[in-house]
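Enquirer: When you get a sec, could you give me coordinates for this:
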Amino acid sequence: MKLADLAQRLGATLHGDPTAEITGVAAIDTAALGDLSFIANPKYASLARTTQATAVLVEPSFSEITTATLRIDNPYLAFAHAIELFYQPPVYAPGIHPTAVIANTAKIGANAHIGAYVVVGDHVVLGDNATLLPHVVLYPHVRAGNHLFAHAHAVVREHCQLGDHVILQNGAIIGADGFGFAKQAGVLPGKSWHKIQQSGPAVLEDDVEVQANACIDRASIGETRIHAGAKIDNLVQVGHGSTVGNDTLLCAQVGLAGSTTIGRGVILAGQVGVAGHCTVGDGAIATAQSGIPGDVAPGKVVSGYPAIDNRQWLRSVALINRLPELLRSLKSLK
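Expert: So this is what the prediction gives:
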């Protein structure tokens, strides 16, 4: 694709040779001749001067470099669109594999692709244009909207509900039992914990994506709800009865205990843990490995365990690094 054509398709302003040929996309430090790359983080800006890429997506104010640039307000988003131009994912033709098991009472929408060894239970309702890859299991009474894409080994438990354009990556489990047990006295050893029936479904609204081996537990009563546009990363655990707001990001290994409420537009970075019955307000951010034992106000940025204001945490960490020096100073005063 000519660089001029690419600039037009991305809505970017071209600085450089419009006839240059772009054949692929690559990271700034590994790009070669013919590649398009991008700079969205100032940390990597210097690499734009040494990259072998034919062109680089940058913000409009980026300084001039010898490599051609495509200037646009959001280079990262533009790069995402560029990937779509150069990479064509597999296409799954409509049809049902002969090894799939589909209950007679299930209703399958138009143009579904149902792969090998898929199981669709009784009274499942599946919208149009669904893609179920091998070994996907939909338990009885699951309801899913249009354009469900479930990768191999995804499982959706009974009575759970999925909106339109939901994506389930490999091994995602929607609606497994929540971790609920009631202590009982006066019973034989090994019988102390009475399992609480988990009767409420997990509900995923439109455009939710749940990535590999993440678990969204069903609720004991009521429901577990993931609001529209939320993205759940690999190995995330969403406890029973929790709510995750619109467009929130839960990064890898985040854990939400039961009945947690996460607002809209929240970002919980990797390995953040949130105690049960807490509320994290709209737009809040928790940096990696934060432990949140209580409510977080909207818009706050928190870090550490127990999680505190990010700026206070940074000052505290700086002081911790100086403790040996401070200790020596105190001893010298004796």
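Enquirer: Name the residues linked to V25 by a beta bridge.
Expert: Judged by DSSP bridges, the bridge partners of V25 are L36.
Enquirer: Could I get the contacting residues of it?
Expert: D35, L36, S37, F79, A82, I83, F86, Y87 (C-beta atoms under 8 Å, 6 or more residues apart in numbering). For glycine as for every other residue, the C-beta is placed from the backbone atoms N, C-alpha and C.
Enquirer: pLDDT at it, what is it?
Expert: pLDDT for V25: 97.
Enquirer: ditto for L319
Expert: For L319, pLDDT reads 90.
Enquirer: ok, now which ones touch it?
Expert: L326.
Enquirer: That one belongs to a helix?
Expert: Yes. Counting by DSSP: H, G, I helix; E, B strand; the rest coil, L319 falls inside a helix.
Enquirer: distance of it from G258?
Expert: 36 Å (C-beta to C-beta, to the nearest Å).
Enquirer: ditto for L70
Expert: Distance from L70 to G258, by C-beta to C-beta: 47 Å.
Enquirer: So those two - more neighbours on which side?
Expert: L70 (25 against 19; other C-beta atoms under 10 Å).
Enquirer: Disregarding residues adjacent in the polypeptide, which is nearest to T224?
Expert: Spatial nearest neighbour of T224, excluding adjacent residues (C-beta to C-beta, 6 or more residues apart in numbering): A202 at 4.5 Å.
Enquirer: Just to check, the one you found is in contact with C215?
Expert: No. Contact criterion C-beta atoms under 8 Å: A202 and C215 do not qualify, at 9.5 Å.
Enquirer: Name the SS class of the residue nearest to G281 when sequence neighbours are not counted, please.
Expert: Once flanking residues are discounted, G281 sits nearest to P298: 3.1 Å by C-beta to C-beta, 6+ apart. For P298, the assignment made with three-state DSSP gives coil.
Enquirer: Surely P298 is in contact with T279?
Expert: No. The criterion here is C-beta under 8 Å, and P298 misses it with T279 at 9.7 Å.
Enquirer: Quickly list what's touching both of these two.
Expert: Shared contacts of P298 and T279 (C-beta under 8 Å, 6+ apart): G263.
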